[in-house]
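Visitor: Give me a model of this one.
(one chain, ligands or ions: 1)
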Amino acid sequence: MKPGAMRLADEERVCVMEGEWSSTGVIRQVVEEGQEDPFYVMDLGEIVRRYQHWKAMMPRVEPFYAVKCNDDKLLVRTLAALGTGFDCASKAEIQLVMDMGIKAERIIFANPAKMASHIRYATARGVTTMTFDSEAELHKIKQISPDARLVIRIRCDAAAAQCPLGIKFGCEPLTEAPRLLKLAAVLKLNVAGVAFHVGSGAGESAVYARGIKVARMLFDLGDTLGLDMRVVDIGGGFAGDADSDLRDVARVVNAAIEANFGEREVRVIAEPGRYFAAAAYTLATMVHATRQLTNASSESHTMYFINDGVYGSFNCVLYDHQTVVAEPLDPCDSRPEACSVWGPTCDGLDCVIASCRLPALRTGQWLVFKDMGAYTLPVASAFNGFPVPKVKTIVDKRLWAVLKELWPLNEADVTVDICPLGPQSPESLTPRSETPSPTLESPHHTV
Ligand code: PLP
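Guide: Now for the predicted structure:
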């Protein structure tokens, strides 16, 4: 490989970008070096920008990143460096986070239906804050981890959500929750707070006010039962696309905290997944085959076959109900025409976009998909022999100088390449004003 080549990572490898660069420019360079398989470019700067925006919008709400959303170690390490906590749902997720040196106090075991062996593991490693929503779970925890700090998960559904969760988790707040809190008091368990999750990709902001109000009611009930409740966990549901805005949700959340917990000392935490993961990852895929169809009315339609599909990154189309948008990597002059985009496997289900309009593409041309970091890579498989895309992680040189000082373990865990980018067209360059300010605090949160 020639020096400065855009190598894709099997291990934790960060490419430190010098001078003027853009994610699109990096994709072009990888492609020009002869890449054939699909790949991601992940910009650590986007994660930092989103963290800073969160802190500005909701200073009272401590984010505990939901590892399930994307367990890429460099993403997790970056968030650890910034000072977030972590929502882990299994033994393996706890292990991943703790093996990076993150302390147990910064983890919530946020799965209301846990395997006994996972509770044992968590307890042995000091992770004792965990959620529950049933009587059976309370008895299980009483046996295995009697000193755990429990958070009752209530149901609180947004009017619309990409992935509703209330059908599976969360006890009814007015009927089941009071009964469970009373049982916890009788069992002398330590109930530390209330959690809810409005649904992932929530389409309603007001729902957070409803959840926070019910949490306050349950805190009042807890007081009468002698429970010492101090944690409100507002879960996930926050949008993650680059052009989404946290402002509306933040206004609702901040007002509801003030109205319901203004005079009471509580810690407010959240479990954002998609918010941190989505926008940092851009997926590049190559068109390797095309097929031209004409219907009975003589309308033509092109089928484009790309090298990643619903068994790979685009599992998000099936499981996460995402709508993905394809953009040609290179500017095309031709008019957009009716087409569909298909994955590489032999399954008819492997359809990425059933109907869209794109300029005419030839085989060997590349399509780019933005905002692809949430609920994609951890679920992807290499079915039919098509590899899961590798990730090329990039970071601006000035930001890296600051970030590496905050890195949870020493820099040696990561291979660092210095990557000057070749000459680029002016339209492919990100304005450098978007570079995060190289001053970061690291408030290490604990639950
Ligand atoms: N917390 C829990 C318990 C979840 O189940 C999920 C997603 O399923 C999340 C947090 C992350 O949600 P989101 O990606 O919508 O922020």
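Visitor: all helices for the stretch 301-447 of the chain, in order.
Guide: Ranges of helices within the stretch 301-447 of the chain are 315-319, 397-406, based on DSSP state H, counting those that start in this stretch.
Visitor: Show me what counts as buried in the first one.
Guide: Along helix 315-319, these residues count as buried under the neighbour rule (16 or more other CB atoms under 10 Å): 315-317. No exception for glycine: its C-beta is placed from N, CA and C like everyone else's.
Visitor: Out of the residues you listed, the closest to residue 149 would be?
Guide: When those are compared for distance to residue 149 (CB to CB), residue 316 comes out closest, at 33.5 Å.
Visitor: average model confidence for the helix or strand harbouring residue 268?
Guide: In the assignment (DSSP states H and E), residue 268 maps to strand 267-270. For strand 267-270, mean pLDDT is 98.
Visitor: And the next helix or strand past it?
Guide: helix 274-277.
Visitor: I'd like the next helix or strand past that following helix.
Guide: Going down the chain from helix 274-277, the next helix or strand is strand 281-294, by DSSP H and E.
Visitor: one step back: kindly identify which of the buried residues of helix 315-319 also come near the ligand.
Guide: Residues of those in contact with the ligand (CB under 6 Å from any ligand atom): none.
Visitor: Looking at the residues you listed, which one is closest to the ligand?
Guide: Checking the buried residues of helix 315-319 against the ligand by CB to the nearest ligand atom gives residue 316 as the nearest, at 11.6 Å.
Visitor: which residues touch the closest residue to that closest one other than its chain neighbours?
Guide: Spatial nearest neighbour of residue 316, excluding adjacent residues (CB to CB, 6 or more residues apart in numbering): residue 322 at 4.3 Å. By CB atoms under 8 Å, 6 or more residues apart in numbering, the contact set of residue 322 is 162, 316, 375.
Visitor: okay, the residues you listed in TSV with pLDDT and distance to residue 87 next?
Guide: TSV is the format used below for the contacts of residue 322 (pLDDT from 0 to 100; distance: CB to CB, whole Å):
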residue	pLDDT	distance to residue 87
162	95	18
316	96	19
375	97	14
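Visitor: Tell me which residues of stretch 210-220 come out buried.
Guide: Under 16+ other CB under 10 Å, the buried positions of stretch 210-220 are 210-212, 214-219.
Visitor: Return the member of the residues you listed nearest to the ligand.
Guide: Checking the buried residues of stretch 210-220 against the ligand by CB to the nearest ligand atom gives residue 211 as the nearest, at 13.0 Å.
Visitor: Against residue 278, how distant is that closest one?
Guide: Residue 211 sits 22 Å away from residue 278, going by CB to CB, to the nearest Å.
Visitor: And residue 13, by the same measure?
Guide: For residue 13, the distance to residue 278 - CB to CB - is 22 Å.
Visitor: more crowded one of the two?
Guide: Legend: neighbour count by other CB atoms under 10 Å for residue 13 and residue 278, higher for residue 278 (28 against 17).
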